[in-house]
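[1] Okay, here's the prediction I keep looking at, along with the sequence it came from:
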Amino acid sequence: MKRRNVYTLLILVCIVGFWLFENFYTPDTYSDTTADQTGFKRAMLNKLMPTSTTGAIVSHNYYMLSYNEPYEQAEWVAYYLKREHLTNDDRKRPYFIEDPKVKTKSADWRNYKGSGYDRGHLCPAGDRRFSEQAYNETFYTSNISPQNREFNAGVWNRLEMQTRFWAKQHGELLVVTGGVLEKGLEEIGEEDVDVPQYFYKVISRGKGNNIKAVGFLMRNAPSDIFLESFLVPIDVIEKKTGIDFFPNLSDGQQSDLEGSVKKSGWEF
């Protein structure tokens with residue numbers, strides 16, 4: 001009888017411990033202040049960075065973002081994807097944790113529990129396997145957004161794989177991606193994380209007068225149609241988001257890049 005009571009008590013302790021771990025435990029930051037950021041920051045000084053509607057720009061070692069506090073997620077995440085980044089290194093999946101560089105506090109991952117939505121990466125973990133630091137950084141909650149599970153594993157994943165193909169083909173891309181944040185969206189969790197109805201991705205390459213760019217706009221829902229069907233003029237994405245993706249280019253170059261869909265040089 002005493003032994004049974006001990007077993008019962010141990011089970012209860014384990015259950016309580018697991019619940020406390022799930023609901024209150026948050027690991028230390030993944031930030032590495034000793035890491036060399038000069039290459040990434042130098043690359044970000046070119047003329048292809050988007051504007052921020054909030055001014056809350058955060059720079060990590062391997063990507064940047066603009067956080068939109070009312071929607072509890074980034075309005076955009078920007079990162080360079082180079083051919084040498086695409087490795088098959090096996091990485092241990094870390095915990096999602098709050099971003100220590102977001103002054104207003106990024107949304108807790110527990111907002112997603114029981115919501116039916118995936119914690120969808122904006123900068124994919126699969127694009128950052130080349131180092132443990134780079135990989136772990138993608139698990140800040142500032143880098144996730146609520147995504148339909150079939151969308152995340154389906155057409156969105158196909159677009160991420162297509163982007164990797166282009167990086168291998170061309171050597172280096174700048175990727176800017178996020179959800180379309182607008183009024184009236186569904187909200188999840190205690191912090192009211194908004195669920196975007198659409199996600200976008202703007203991909204560019206080249207320098208100076210030789211810049212090429214394409215934009216994708218996708219409904220946050222399953223789809224089996226070809227990726228080319230989601231191509232839209234970048235102007236369309238700018239109007240829906242309020243973000244200027246190439247603010248430092250001349251008006252003429254912006255008009256040329258953004259006014260229409262140009263598939264030339266982007267093989268599907």
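    Ah, there it is.
[2] check contacts around Thr104.
    Residues in contact with Thr104 (CB atoms under 8 Å, 6 or more residues apart in numbering) are Ala56, Tyr67, Glu69. Placement of C-beta: from N, CA and C, glycine included.
[3] Quick check: pLDDT value at it.
    Looking at Thr104, its pLDDT is 95.
[4] That one looks like it's in a strand, true?
    No: Thr104 is assigned coil when assessed by DSSP: H, G, I helix; E, B strand; the rest coil, not a strand.
[5] From Cys123, how far off is it?
    20 Å (CB to CB, to the nearest Å).
[6] just Asp89 next, same as before
    In terms of CB to CB, Asp89 sits 16 Å off from Cys123.
[7] Looking at those two, which one has more neighbours?
    Cys123 (25 against 11; other CB atoms under 10 Å).
[8] how about that one, secondary structure?
    Three-state call for Cys123 (three-state DSSP): coil.
[9] what about Asp256, how many neighbours?
    Look at Asp256: counted by other CB under 10 Å, it has 15 neighbours.
[10] can you pull the pLDDT of it?
    Per the predicted model, pLDDT is 95 at Asp256.
[11] quick one: secondary structure of it?
    Assigned state for Asp256: helix (three-state reduction, three-state DSSP).
[12] Also Asp118?
    Of the three states, Asp118 takes strand according to three-state DSSP.
[13] Bridge partners for it, pull those for me.
    Note on Asp118: beta-bridge partners Gln147, judged by DSSP bridges.
[14] Would you confirm that it contacts Glu150?
    No: contact criterion CB atoms under 8 Å: Asp118 and Glu150 do not qualify, at 9.3 Å.
[15] Which one of these two is surrounded by more residues?
    Per other CB under 10 Å, whichever of Asp118 and Glu150 has more neighbours is Asp118, with 18 against 13.
[16] Surely Tyr200 forms part of a helix?
    No: secondary structure of Tyr200 (three-state DSSP): strand, not part of a helix.
[17] and it, what does it touch?
    Tyr200 makes contacts with Thr177, Gly178, Gly179, Val180, Gly215, Phe216, Leu217, Met218, Ile237, Lys240, Thr241, as judged by CB under 8 Å, 6+ apart.
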